[in-house]
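**Q** Got a predicted model here, sequence first, then my questions.
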Amino acid sequence: MMWDHVSETWDEQMADLFLSSIDETLARVRQFPRIAALIEDTSFRKYVLHKHVSLFYSVEQERIKVLLVWDNRMDDKDLFEKLSKSAED
């Protein structure tokens, strides 16, 4: 699903670089689950991949749950709602 969106938006080389960046970030998060800052008053963590893109996740015991890859240029009024819904799934 993400590949489809990324490949429609960018050329194949840029899409590969972006997805590789996500893979590298996930490897870091697996190694250091608390590497990203907690969002105040939540259990959500925000890892900035790029000035325009952030990865949100939560740490639950020994499990890391990726909640959302977010375009930071978007209006964030619905961000907390989307994170909460993703955390419930």
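**A** Done, it's in.
**Q** Show me the shaky parts of this structure.
**A** Along the chain, segments meeting pLDDT under 70 span 1-8, 10.
**Q** which residues of it fall in helices?
**A** With DSSP state H as the criterion, the chain has helices at 2-9, 12-31, 79-88.
**Q** beta partners for the residue positioned nearest the centre of the chain?
**A** Nearest residue to the geometric centre of the chain (C-alpha atoms, centre = their mean): L55, 1.7 Å. Beta-bridge partners recorded for L55 (DSSP bridges): Y47, V69.
**Q** Give the full set of residues in contact with it.
**A** For L55, the contact set (C-beta atoms under 8 Å, 6 or more residues apart in numbering) comprises I22, T25, L26, V29, A36, K46, Y47, L49, V66, L68, V69, W70. Any C-beta I mention is one placed from the backbone N, CA and C, and that applies to glycine too.
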